[in-house]
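1. no sequence for this one, just the structure:
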């Protein structure tokens, strides 16, 4: 009994530092990497950190290769990098929209292209995407470039999921609602480069609108909304046995409707795959069935 | 009676060539512009063409300025540019995803930034977005970078709609399903730059999958699916009086579920705006109410 508990605990930490690796990767800041190292030392846990700049394919490749070289395998990839902007859509330059797509979406493509060959080789793995409730649920104004990028990320996750199941790779999409505190997501939000255009909105019928939107958020995000619930949800998914993990997990204290919409969209998408005879890609193929097919 | 009919016909053509303008813009190919000119000449209609490269802000600015200089106003903007790619998601480079976001999404931002100042000045206008059923409905595999871009475009359209209503600008999102013929959309689809990675999918458990997906499309797109129905739907929207135009119009012969999902998502999004006290941005403000507010 004690041995089992001990094993479970070790398993937990084994996953925990793997999650933390990727969590730190996503931050792509040396200070965060140092913070992680200090946390591990102070708390005496086996948490290993590594620097990975999601804006650079070379950095993603090098970090993933180092992990594989040291551990001979890779269990979980978590796409968590994200950056937000706030202001009238028209006042953002196309270049700003492009940069935001890079941080929120191309980042996942770089890490996938670095990590998936190993997961495919293993014929086993888990990819977790930290999406956003905005891609299906409520979309308050003045967040257009960010919502566009997150909707793109969610769409990418949905299709990737089906292209990885036959390799024995499972996908879970984590859907956090608005958490206005507990992270730097809102505090570090970018602003429109075209100040003159933004000023036209403020001088026109959208006077005071930015404040109205922020007050709106304040009125719907519960005071006890704790962003740590997102990390807990990820841990729970990782601890769930292969083949039993949920396709989506919503953590949305504001209940903006994403849970309702995704239930419908995931359903009609599964229905379409069945209609066109590709239902098998809905569930990750276990190694045993792969061996049976090969026999 | 005859006068009314004559007027309606003229109105029809007035809108028709305005739509065609933007339709041609979207194509951004000189040959298409020439084709339009020839069509106008051969059919004796007042259809005026102009070259506009949606990949260039300077080109978008110049074309829109020329139209405004010649007509003193701008009635309708139609975002129709689109390009598709086909293959395993992992085999596309981040640069390819970026290019696809540029053609499908940044294109609309460039045209918006060129055209919206005029529509806002008029306190009247219509923006039509040609989205994709994939952003809410069925998403067959091997189309990930395209679906990601179109989901981004749809999200941008949804938020822009709310940031334009107080300026008296109306939005309609056109949602075509899969039309595998009648356009060059499928015929001209791009392919993954990383051929070696694509070959791994073909040599592995996804052997023959590209053909399976295409056969799947063939099995669900009705033989009589006519893409001209999309143009007809746009004409109908333009001909509808201001304030009465639908927020979305679905033209989806395959019935991939987008109509069901969007009904729910548009509903929860409207609900959120009501919850945070911003319900007024759901409907375009008419000029009369603007004058009343100013009085």
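-> Good, I have the coordinates. Here the structure is a predicted model, which means the values were calculated and not measured.

2. the strands in chain A, which residues?
-> A:76-79, A:125-130, A:169-176, A:248-251 (DSSP state E).

3. so who does residue A:119 touch?
-> A:74, A:77, A:125, A:127, A:164, A:167, A:169 (Cβ atoms under 8 Å, 6 or more residues apart in numbering or on different chains). For every residue, glycine as well, the C-beta is placed using N, CA and C.

4. ok, residue A:163 touching residue A:281?
-> Yes: look at residue A:163 against residue A:281 with Cβ atoms under 8 Å: they come within range, at 7.5 Å.

5. any shared contact partners between the two?
-> Both residue A:163 and residue A:281 are in contact with residue B:141, where contact means Cβ under 8 Å, 6+ apart.

6. and the nearest residue in space to residue A:286 that is not next to it in sequence, its phi and psi?
-> Excluding its sequence neighbours, the residue lying closest to residue A:286 (Cβ to Cβ, 6 or more residues apart in numbering or on different chains) is residue A:243, at 6.0 Å. With angles defined as degrees, to the nearest 10, residue A:243 sits at phi 90, psi -10.

7. let's have the strands of chain A in JSON lines, adding distance to chain B and mean neighbour count.
-> Below are these laid out as JSON lines (distance: least, Cβ to the nearest Cβ, whole Å; neighbours: other Cβ atoms under 10 Å in any protein chain shown):
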{"stretch": "strand A:76-79", "distance to chain B": "12", "mean neighbour count": "24"}
{"stretch": "strand A:125-130", "distance to chain B": "11", "mean neighbour count": "23"}
{"stretch": "strand A:169-176", "distance to chain B": "11", "mean neighbour count": "24"}
{"stretch": "strand A:248-251", "distance to chain B": "13", "mean neighbour count": "20"}
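
8. ok, residue A:141 touching residue B:158?
-> No: applying Cβ under 8 Å as the test, residue A:141 and residue B:158 come out as separate, 9.7 Å apart.

9. gap between residue A:105 and chain B?
-> Remark: distance between residue A:105 and chain B (Cβ to the nearest Cβ, to the nearest Å) = 6 Å.

10. mind listing what that residue touches?
-> A:149, A:152, A:153, A:156, B:97, B:101, B:148.

11. what's the neighbour count on residue A:277?
-> 11 (other Cβ atoms under 10 Å in any protein chain shown).

12. show the contacting residues for residue A:187.
-> Applying Cβ under 8 Å, 6+ apart, we find residue A:187 in contact with no residue.

13. next, count neighbours for the closest residue to chain B within the stretch 1-150 of chain A.
-> Distances between the stretch 1-150 of chain A and chain B by Cβ to the nearest Cβ are smallest at residue A:138, namely 3.2 Å. When counting by other Cβ under 10 Å, one arrives at 26 neighbours for residue A:138.

14. pretty sure it contacts residue A:254?
-> Yes: checked against Cβ under 8 Å, the pair residue A:138 and residue A:254 is within contact range at 7.5 Å.

15. next, show the common contact partners of these two.
-> Common neighbours of residue A:138 and residue A:254 (Cβ under 8 Å, 6+ apart) do not exist.

16. can stretch A:141-148 be said to contact chain B?
-> Yes: using Cβ under 8 Å from any Cβ of the partner chain, stretch A:141-148 reaches chain B at A:141, A:142, A:143, A:144, A:145, A:147, A:148.

17. show me where pLDDT drops low in the stretch 151-295 of chain A?
-> A:288-295 (pLDDT under 70).

18. just the ones of the residues of stretch A:141-148 next to chain B in helices?
-> A:144, A:145, A:147, A:148 (DSSP state H).

19. quickly note the distance from residue A:70 to residue A:60.
-> 16 Å (Cβ to Cβ, to the nearest Å).

20. neighbour count for those two, which is higher?
-> Between residue A:70 and residue A:60, counted using other Cβ under 10 Å, the more crowded position is residue A:60 (24 against 9).

21. where do the helices sit along the stretch 101-250 of chain A?
-> A:107-122, A:144-164, A:195-203, A:209-220, A:228-239 (DSSP state H, counting those that start in this stretch).

22. the fourth one versus helix B:144-164: what angle between them?
-> Between the axes of helix A:209-220 and helix B:144-164, defined by axes from the mean of the first three to the mean of the last three Cα atoms, to 10 degrees, the angle is 110 degrees.

23. so which bits of helix A:209-220 are buried?
-> A:209, A:210, A:212, A:213, A:214, A:216, A:217, A:220 (16 or more other Cβ atoms under 10 Å in any protein chain shown).

24. hmm, who's touching that helix?
-> Counting by Cβ under 8 Å, 6+ apart, residues outside helix A:209-220 touching it are A:86-87, A:140-143, A:178, A:180, A:201-202, A:254, A:256, B:272, B:275-278.

25. okay, the angle between that helix and helix A:195-203?
-> 70 degrees.

26. starting at the chain centroid, how far to helix A:209-220?
-> 25 Å (Cα atoms, centre = their mean, to the nearest Å).

27. if we can go back for a sec, tell me which of the helices of the stretch 101-250 of chain A is the most buried.
-> When you average the neighbours per residue for each of these (mean count of other Cβ atoms under 10 Å in any protein chain shown), helix A:144-164 leads with a mean of 28.

28. gap between that helix and the chain center?
-> On Cα atoms, centre = their mean, the centre of helix A:144-164 falls 10 Å from the chain's centre.

29. check stretch A:262-274 too.
-> 21 Å.

30. now that stretch: buried residues?
-> So for stretch A:262-274, counting by 16+ other Cβ under 10 Å, buried means A:262, A:264, A:265, A:266, A:268, A:269, A:270, A:272, A:273.

31. now do the contacts for residue A:127.
-> Per Cβ under 8 Å, 6+ apart, neighbours of residue A:127: A:76-77, A:79, A:112, A:116, A:119, A:157, A:160-161, A:164, A:169-172.

32. quick check: pLDDT value at it.
-> For residue A:127, the pLDDT comes out at 98.

33. again with residue A:39
-> 89.

34. you'd agree it is up against residue A:46?
-> No: Residue A:39 lies out of contact with residue A:46 (Cβ under 8 Å); the separation is 11.7 Å.

35. more neighbours, these two?
-> Between residue A:39 and residue A:46, counted using other Cβ under 10 Å, residue A:39 has the larger neighbour count: 14 against 10.

36. what's the closest non-adjacent residue to that one?
-> residue A:47 (6.4 Å).

37. thought that neighbour was touching residue A:40?
-> Yes: using Cβ under 8 Å, residue A:47 is in contact with residue A:40, at 3.7 Å.

38. of those two, who's got more company?
-> residue A:47 (21 against 16).

39. next up, the contacts around the spatially closest residue to residue A:283 that is not a sequence neighbour.
-> Distances taken as Cβ to Cβ, 6+ apart put residue A:165 closest to residue A:283, at 6.1 Å, once the chain neighbours are dropped. With contact set as Cβ under 8 Å, 6+ apart, residue A:165 has these partners: A:171, A:280, A:281, A:282, A:283, A:284, A:285.

40. mind checking which of these are buried?
-> Here, 16+ other Cβ under 10 Å leaves A:171, A:281, A:284, A:285 buried among those.

41. filter the residues you listed down to just the ones in helices.
-> Short answer: the buried ones among the contacts of residue A:165 have none in helices (DSSP H).

42. in JSON lines, list the residues you listed along with distance to residue B:228.
-> Below are these laid out as JSON lines (distance: Cβ to Cβ, whole Å):
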{"residue": "A:171", "distance to residue B:228": "38"}
{"residue": "A:281", "distance to residue B:228": "33"}
{"residue": "A:284", "distance to residue B:228": "42"}
{"residue": "A:285", "distance to residue B:228": "42"}
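
43. and the two most separated of the residues you listed?
-> Greatest spacing in the buried ones among the contacts of residue A:165, by Cβ to Cβ: A:171 and A:285 (12.8 Å).

44. any idea how far the residue nearest to residue A:89 when sequence neighbours are not counted is from residue A:85?
-> Nearest residue to residue A:89 in three dimensions, chain neighbours excluded: residue A:144, at 3.7 Å (Cβ to Cβ, 6+ apart). Taking Cβ to Cβ as the measure, residue A:144 falls 9 Å from residue A:85.
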